[in-house]
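# sequence below, structure please.
(one chain, ligands or ions: 4)
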Amino acid sequence: MIHLQITIKIETMDEQQKSQRHPSVERRLGQNGIVQPLLTDLYQITMAYAYWKSDKAEDQAVFDLFFRRNPFQGEFTIFAGLEECVKFLEKFSYSQSDIEYLKSTLPSTIEDEFYDFLSTLSAKDITLYAIEEGSVVFPRVPLLRVEGPLIVAQLLETTFLNLVNYASLMATNAARYRIAAGELKLLEFGLRRAQGPDGGLSASKYSYIGGFDGTSNVLAGKLFNIPVRGTHGHAYITSFTGFSDLHTKILQPKNGGEPQDLLELASNWRNELVPMFKVVSSEEINNGELAAFVSFAIAFPDQFTALIDTYDVQRSGLPNFCAVALAMHELGYQPLGIRIDSGDLAYLSIVSRDCFIKLGNKYNIPWFKELTIMASNDINEETILSLNEQGHKIDCFGIGTHLVTCQKQPALGCVYKLVELNGQARMKLSQEVNKVTIPGKKQAYRLYGESGHALIDLLQKSDEDPPQTCRKVLCRHPFEESKRAFVIPSKVEKLYKAYWKDGKICETLPNMQEIRDRVKASMKTLRSDIKRNLNPTPYKVAVSDRLYSFLHELWLENAPIGELS
Ligand SMILES: Nc1ncnc2c1ncn2[C@@H]1O[C@H](COP(=O)(O)OP(=O)(O)OP(=O)(O)O)[C@@H](O)[C@H]1O
Ligand SMILES: O=P(O)(O)OC[C@H]1O[C@H](OP(=O)(O)OP(=O)(O)O)[C@H](O)[C@@H]1O
Ligand SMILES: O=C(O)c1cccnc1
Ligand SMILES: [Mg+2]
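Numbers count the residues shown, from 1 in each chain. Ligands and ions are numbered 1, 2, ... in the order given. Reported below is the predicted structural model:
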């Protein structure tokens, strides 16, 4: 049922994308159809009623959306999902059928006037401040600050958290794989293992933002304009058992001329190559696999990539691929490379590269030496780091399960807390110091050092003067009195911009490519010890002296004094 709904909504969205008439077409690109006001927890709506009943409809609230700990035992996070939050505000309203559903579901004691109130509700009185999407962010610094009527701001909580948590987790995961892989190509292959259809689409979108180069997910390619890439599966290879399964063997040379029997050419090459491989005779090599390669090469003469691990990489896949690749070369074509999906990926990539170099030299075919070697098979961040340590010749990783399910940490813990109501700061206390919220409306600044690296994020009360370049600023740990430092910033970046105000988007929303570039640029501002995989250095987040005093005074005011007896 849900799947059907998603399909219909996405198609509707696609029609909007194509339309040239609507001025907001560009902004709507990629809008997820299931994001709507009822995509929330019931308690938001019951709270809304209770707020309304107790005359709090006009109260002015400030909520902060933030997380307390970086994911994946890391010390950084990439903020993503903002565009979806802004688009959600743009279309926030309860439809007649939403209201009817709520009437049939909520207790019958709820007054009808509340439903009238809900049906007129919109986000026009909300102001949304946010850090730029794609920025590197840190614990306790709010990613979003939501200001406006308490009821509406409250009703946004679950949806905003849903939109930010997975998007940011996924983008962060992808950025970590990017660090591990350096300049090598990264393809996302996770749709089959993703958390349902919407999880799959989000995974493709945010892994691209985080630094992947492409996806196998065709719908994501269409909706988000992500490059789609792919090879073939083992089923294609095993669907051929021998030469007799091959009905088309003929391929016309690239530059014209008589069509040639590709199977015959490849078989001749295979006979010639046998002494170079770990095989006794060409009879030992799998003929079904050769037939499959020949047929795939005929189907895609300019994009031929072969999956070579179905039977045995060294005794079958590699010799068969080289035979077809050399036959293709004879006809003027240039295959792309191979994919290895099992076994020791470091070793097999080295064996394959050695073989390509040998053949490239022997037959004087320079591109042969640079054929792409793609590796897949349950790869995660640690596998890549380990492969790097061992040495390998892989050019491209195809990564599915571990990437899209964020197996190392399946959720980011963003929370949404009320920090001010009607101009008065609010504070949620906790036994755990780490969970105490920093009260009041705040501004956030990033202070940079001379080298261009980010030094510290500083939270201030919103009415404080901003820190200035080349002026000493006292930065305090929010909870540990003795931890303080003077910082003389070379550059000060104000982190919040207003994205939504007076019922309108008031900041140009960057496209996916721009967000992706932002991730890259933002990651560059982080010192490498903060980004390393093992025991990274924590990045500092501080409060101003005034905010420190304010926070601790309010804490003392609110914390009950216990009595020992
Ligand atoms: N050189 C390597 N260093 C570290 N990890 C590796 C290396 N080569 C492969 N791996 C990883 O080791 C795991 C091997 O998986 P597994 O034990 O299922 O073997 P397999 O090669 O898939 O076997 P099968 O042929 O039965 O499919 C994969 O997660 C893969 O990414
Ligand atoms: O391993 P992942 O990181 O999830 O990457 C994608 C995997 O999906 C495909 O095969 P699938 O796992 O469906 O079958 P196989 O392992 O039996 O080939 C592909 O061959 C990869 O192995
Ligand atoms: O194109 C591929 O090689 C691919 C796509 C999805 C999953 N595994 C592999
Ligand atoms: Mg697999």
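
# CA atoms only: put the helix or strand where residue 326 lies into CSV for me.
Element membership for residue 326 (DSSP states H and E) is helix 318-330. Listed next in CSV are the C-alpha coordinates belonging to helix 318-330 (Å, rounded to 0.1, in the frame of the first residue of the first chain):
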residue,chain,number,x,y,z
LEU,A,318,40.8,-13.4,-16.1
PRO,A,319,41.9,-15.4,-19.2
ASN,A,320,38.4,-15.3,-20.6
PHE,A,321,38.2,-11.6,-20.2
CYS,A,322,41.6,-10.9,-21.7
ALA,A,323,40.7,-13.1,-24.7
VAL,A,324,37.5,-11.2,-25.3
ALA,A,325,39.2,-7.8,-24.7
LEU,A,326,42.0,-8.6,-27.2
ALA,A,327,39.5,-9.8,-29.7
MET,A,328,37.5,-6.5,-29.2
HIS,A,329,40.8,-4.6,-29.7
GLU,A,330,41.2,-6.3,-33.0
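
# residues in contact with it?
260, 262, 265-270, 273-274, 276-277, 279, 282, 285-286, 289-290, 293-294, 297, 301, 304, 306, 308, 334-335, 338, 351-352, 355-356, 359, 363, 365, 368, 371 (C-beta atoms under 8 Å, 6 or more residues apart in numbering). For the C-beta atoms, the positions are set from N, CA and C on the backbone; glycine is no exception.

# give me the neighbour count for the residue of the stretch 1-150 of the chain found nearest ligand 2.
Nearest to ligand 2, among the residues of the stretch 1-150 of the chain, is residue 72, at 16.6 Å (C-beta to the nearest ligand atom). Neighbourhood size, residue 72 [other C-beta atoms under 10 Å]: 17.

# quick check: phi and psi at it.
The phi and psi torsions at residue 72 (degrees, to the nearest 10) take the values phi 60, psi 30.

# returning to that earlier point: in ChimeraX, how would I select the buried members of the contacts of helix 318-330?
Those of these that count as buried under 16 or more other C-beta atoms under 10 Å are selected in ChimeraX with:
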select :260,262,265,266,267,269,270,273,274,277,279,282,285,286,289,290,293,294,297,301,304,306,308,334,335,338,351,352,355,356,359,365,368,371
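
# inside helices: which ones of the contacts of helix 318-330?
Per DSSP state H, helices hold the following members of the contacts of helix 318-330: 262, 265-270, 273, 289-290, 293-294, 297, 351-352, 355-356, 359.

# returning to what we had before: isn't the residue of the stretch 1-150 of the chain closest to ligand 2 up against residue 170?
No. With contacts counted by C-beta atoms under 8 Å, residue 72 stays clear of residue 170, the gap being 11.4 Å.

# can you check which residues contact both of those two?
residue 406.

# which residues does residue 542 bridge with?
residue 458 (DSSP bridges).

# can you spell out the domain ranges of the chain, please?
13-177+409-558, 231-394 (automatic domain parsing).

# how about those, which one is nearest residue 223?
domain 13-177+409-558 (5.6 Å; C-beta to C-beta).

# mean confidence score for the closest one?
Averaging pLDDT along domain 13-177+409-558 gives 93.

# ok, now stretch 206-213?
The model assigns stretch 206-213 a mean pLDDT of 98.

# now the strands for the stretch 451-565 of the chain?
Counting by DSSP state E, counting those that start in this stretch, residue ranges of the strands within the stretch 451-565 of the chain are 454-461, 473-476, 484-487, 491-494, 497-501, 504-505, 540-543.

# take these and write them to TSV, including distance to residue 159 and mean neighbour count.
Listed next are those as TSV, based on distance: least, C-beta to C-beta, whole Å; neighbours: other C-beta atoms under 10 Å:
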stretch	distance to residue 159	mean neighbour count
strand 454-461	25	23
strand 473-476	34	21
strand 484-487	37	13
strand 491-494	27	15
strand 497-501	14	18
strand 504-505	17	14
strand 540-543	26	22
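
# what would those strands look like in TSV with distance to ligand 2?
Listed next are the strands of the stretch 451-565 of the chain as TSV, based on distance: least, C-beta to the nearest ligand atom, whole Å:
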stretch	distance to ligand 2
strand 454-461	33
strand 473-476	42
strand 484-487	43
strand 491-494	37
strand 497-501	35
strand 504-505	37
strand 540-543	34
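
# please list the residues of the stretch 351-500 of the chain that sit near ligand 2.
Residues of the stretch 351-500 of the chain lying close to ligand 2 (C-beta under 6 Å from any ligand atom) are 376, 377, 378, 379, 398, 399, 400, 401, 402.

# 8 Å - rerun?
Contacts of the stretch 351-500 of the chain with ligand 2, taken as C-beta under 8 Å from any ligand atom, map to 376, 377, 378, 379, 380, 398, 399, 400, 401, 402, 403.

# now, which of these sits nearest ligand 1?
So of these, ranked by how close each gets to ligand 1 (C-beta to the nearest ligand atom), first place is residue 378, at 3.4 Å.

# list the contacts of that closest one.
Counting by C-beta under 8 Å, 6+ apart, residue 378 makes contact with 401, 402.

# and it, backbone torsions?
Per-residue torsions, residue 378: phi 50, psi 40 (degrees, to the nearest 10).

# quick check: the gap between it and residue 384.
From residue 378 across to residue 384, the span is 12 Å (C-beta to C-beta, to the nearest Å).

# ok, back up a step: which of the strands of the stretch 451-565 of the chain sits closest to residue 194?
strand 497-501 (28.3 Å).

# could you give the separation of that closest one from the chain centroid?
The chain centre lies 23 Å from the centre of strand 497-501; the measure is C-alpha atoms, centre = their mean, to the nearest Å.

# and it, what does it pack onto?
helix 82-90, strand 127-130 (3 or more C-beta pairs under 8 Å, 6 or more residues apart in numbering; DSSP states H and E).

# so can I have TSV of the ones you listed showing distance to ligand 3 and mean neighbour count?
Below are these laid out as TSV (distance: least, C-beta to the nearest ligand atom, whole Å; neighbours: other C-beta atoms under 10 Å):
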stretch	distance to ligand 3	mean neighbour count
helix 82-90	25	23
strand 127-130	34	24
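
# so which of the ones you listed is nearest ligand 1?
Among these, helix 82-90 comes nearest to ligand 1, with 32.5 Å by C-beta to the nearest ligand atom.

# can I get the CA coordinates of that closest one in PDB?
Taking Å, rounded to 0.1, in the frame of the first residue of the first chain, the C-alpha atoms of helix 82-90 are listed here in PDB:
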ATOM      1  CA  LEU A  82      17.900  20.900   4.900                       C
ATOM      2  CA  GLU A  83      16.400  21.200   1.400                       C
ATOM      3  CA  GLU A  84      13.700  18.700   2.300                       C
ATOM      4  CA  CYS A  85      13.000  20.600   5.600                       C
ATOM      5  CA  VAL A  86      12.500  23.800   3.700                       C
ATOM      6  CA  LYS A  87      10.300  22.200   1.100                       C
ATOM      7  CA  PHE A  88       8.300  20.700   3.900                       C
ATOM      8  CA  LEU A  89       7.600  24.100   5.400                       C
ATOM      9  CA  GLU A  90       6.600  25.300   1.900                       C
END
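
# next one: that helix to chain centre, how far?
17 Å.

# what angle do it and strand 497-501 make?
Angular relation of helix 82-90 and strand 497-501 on a 0 to 180 degree scale: 30 degrees, by axes from the mean of the first three to the mean of the last three C-alpha atoms, to 10 degrees.

# quick one: contacts for the residue of the stretch 401-550 of the chain found nearest ligand 3?
Closest contact between the stretch 401-550 of the chain and ligand 3, by C-beta to the nearest ligand atom, is at residue 401 (9.7 Å). Residue 401 is in contact with 190, 193, 378, 407, counting by C-beta under 8 Å, 6+ apart.

# the last one falls within a helix, correct?
No. Residue 407 is assigned coil when assessed by DSSP: H, G, I helix; E, B strand; the rest coil, not a helix.

# was I right about it contacting residue 382?
No. Applying C-beta under 8 Å, one finds residue 407 not in contact with residue 382, separated by 10.8 Å.

# ok, so of the residues of the stretch 351-500 of the chain next to ligand 2, who is nearest residue 37?
residue 403 (31.1 Å).

# closest one to ligand 1 among the domains of the chain?
Closest to ligand 1 of those, according to C-beta to the nearest ligand atom: domain 231-394, at 3.4 Å.
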